[in-house]
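starting from these lines, generate the structure:
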Amino acid sequence: FQGCHTTPQWNEDADGEDDVKLTNLNLVRFRLCPSDTCATDSAYGCKSGYGDYVVSMDTYLQAYLDSVQQDQEYNCEYARSNECGCYNNGDDYG
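Got it, this is the predicted structure:
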């Protein structure tokens, strides 16, 4: 995540005299780094070989929330399958 930006945009839905002609477009800029050059101690993530992208804030947030949900589902399934003894009425080990 590199930052948020707001830019004015023509409101295509404005057809009446009293309608707002300009609206704000909320954007997010993020960076994808090659996995072998990613640095967690740097605010920029990496210094070379990266790609910067700009998308609407709605798109970014939906993708982020989907990713968080997928991680949670994976972690729960992993725990259920490998750690908690949830199968065979809790008698997975004997």
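
show me where this structure has helices.
Assigned helices in the chain, in chain order: 57-82 (criterion: DSSP state H).

low-scoring stretches of it, by residue?
84-94 (pLDDT under 70).

quick one, longest strand in it?
Ordering each strand of the chain by length in residues (DSSP state E) puts strand 22-32 first.

so which other helices or strands are in contact with that one?
Contact analysis of strand 22-32 by 3 or more Cβ pairs under 8 Å, 6 or more residues apart in numbering; DSSP states H and E lists strand 3-10, strand 51-56, helix 57-82 as its packing neighbours. All C-beta spots, glycine's among them, are computed from the backbone N, C-alpha and C.

distance to Asn26 and mean neighbour count for the ones you listed - can I get that in CSV?
Below are those laid out as CSV (distance: least, Cβ to Cβ, whole Å; neighbours: other Cβ atoms under 10 Å):
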stretch, distance to Asn26, mean neighbour count
strand 3-10, 6, 10
strand 51-56, 7, 12
helix 57-82, 4, 11
